[in-house]
Each structure stands twice: as C-alpha cells, then as structure tokens.
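Peer 1: got a predicted structure here, sequence first:
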Amino acid sequence: MVKQENNLFILNNLYNVRDLGHIATKYGTKTRRYKYIRGTAKGTMTEAEKAFFYNLGVRIIVDLRYTKEIDKTPSPMRDYHDIEYYHVDMMGEFWQMREQGYQDMTDLYIDLLDDSQDKLLTIFRIFLKHKNEGIYFHCTAGKDRTGVVTMLLLDLVGVPHSTIVENYSESYSNNLARPGYTSIKSEWRRFILSEPEYMERTLDHLYTKYGGSRAYLSHIGLREDEINALAATIVE
C-alpha cells in the first residue's frame, strides 16, 4: 500500500510525486484531490504502485520531457492498462542552446513562459480534453517543467503565491532521498536546487509581463470559456 505524507506519495523507487489536491485558495475553496498529480520519471513504479494510482483515477499521462530523456527512462505508467499517454516536449531545443548562459533556474522558467507558449497551450488543451480523468504530469525530476505547469494551475484558481512557492521548493528536499542526487557536479548544482526565490521571481515575471495565469492562458490562445472550464477541473 502506498503511504501518503500530506500530499507526498511515498514510493519505493520514485521521488517527488505529489497530489495537487486539498490546497486552500484565497477564495475559500480547495483544490480537487487526485485530479492533478505532479511527478517525476527518475525511477520506476512497482505493479502495486501502478495499481494504486490507477485506482485513484489516473488515466492520463502527460510527459514533458524531450525524446532523449524518454529513451533513457520511460514514463513510469505509460503502458499500464488503458492509460493514455501524451508527449509534449516542453523545452524543445532552447535548453541545449541556452543552458550555459543560465544563472539559475529562474532563467529557464521565464524562457518556458515566453518561448514555449505553443507547448503550454497543447498541455492545457490536453487537460481540458480530459476533464474527468486523473492526470499524472511529469518531467524528469518533477521540479522545473512540472513546476511551471503547477504554478499556472494553482495561480489560476487563486492559490496564494506563498503556497505556490512552498509547493515548488519542496521538490529539492523530496529529491534528496534519490540515490546519487547530492553527488551531482558542483557546476550543475544551481540547476538542481528549487530555491524559493526562483519561483518568486517567476511569479513576478508572470504578473509583470502577462498579468497572472488567467491573462497568460488567454494570451497563449485559450478562450475565456476554456479557462473557466480548466479552473473548474482544479477546484472542488
């Protein structure tokens, strides 16, 4: 049986898998349990763990990684029963072109918001297509690409920024349990941290340039009725 500590699922070989449910918004509502589960692909699931998430209602996988990552480590539940799998390469080629110039992960997150709008639109249209199914969306560590999508979902329904930042910053501590995570070369450490200020600056950019998640989703191509429908899938 999979244990759950708050929103974190305790799995044998997979870390930083979390439910986005039961999070309070500033409007007095809470996010829906087991509708959106954020996660990782750095590891495998046992058959019992796959069955656990399937029984929670997970029927959709949205894999945000690029192809080389997928070839190296398949998505944990990709071929399980009737689960439907989507691949949306959220970073495309710009990560390889730009990562040497990044000071920290804030630069990547801003690039994702500004330069991956077509990919983000695709992701949210997938979410809209599957309003009633549980969705497991993930990248590799469940921190960066997954974190940006999570930020947009939570901000859309009025989750306070302090809570969004806290949700993001949990990724590093969760991943510390992963074998080998702390032995990553020092020059890459700025890319594995999930410092609160990374998400704080990303939220500042989201609001300064676009006016928040709702305005951003409109900017990238969602209609008002689609944005409202997406918000309705997030809250109870």
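Peer 2: Received, thanks.
Peer 1: contacts only, for the residue sitting nearest the centre point of the chain.
Peer 2: Per CA atoms, centre = their mean, the C-alpha nearest to the average position across the chain is that of residue 146, at 2.3 Å. For residue 146, the contacting residues are 38, 39, 40, 64, 137, 138, 139, by CB atoms under 8 Å, 6 or more residues apart in numbering. Every C-beta, even on glycine, is put in place using the N, C-alpha and C of the backbone.
Peer 1: nearest to residue 118, of those?
Peer 2: In terms of CB to CB, no member of the contacts of residue 146 lies closer to residue 118 than residue 64, at 13.6 Å.
Peer 1: now do the helices in the chain.
Peer 2: For the chain, the helices defined by DSSP state H cover 47-56, 67-72, 94-98, 105-115, 117-129, 145-156, 161-175, 189-192, 196-205, 213-220, 224-234.
Peer 1: give me whichever of those helices is most buried.
Peer 2: helix 145-156 (a mean of 24; mean count of other CB atoms under 10 Å).
Peer 1: what is the mean pLDDT for it?
Peer 2: Average pLDDT, helix 145-156: 98.
Peer 1: just the C-alpha atoms of it, please, in CSV.
Peer 2: Extracted as CSV, the C-alpha positions of helix 145-156 are listed here (Å, rounded to 0.1, in the frame of the first residue of the first chain):
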residue,chain,number,x,y,z
ARG,A,145,8.8,22.0,-16.3
THR,A,146,6.4,20.3,-13.9
GLY,A,147,6.8,23.3,-11.6
VAL,A,148,5.9,25.9,-14.2
VAL,A,149,2.7,24.0,-15.2
THR,A,150,1.8,23.6,-11.5
MET,A,151,2.4,27.3,-10.9
LEU,A,152,-0.1,28.2,-13.7
LEU,A,153,-2.7,25.8,-12.5
LEU,A,154,-2.6,26.9,-8.9
ASP,A,155,-2.4,30.6,-9.7
LEU,A,156,-5.4,30.3,-11.9
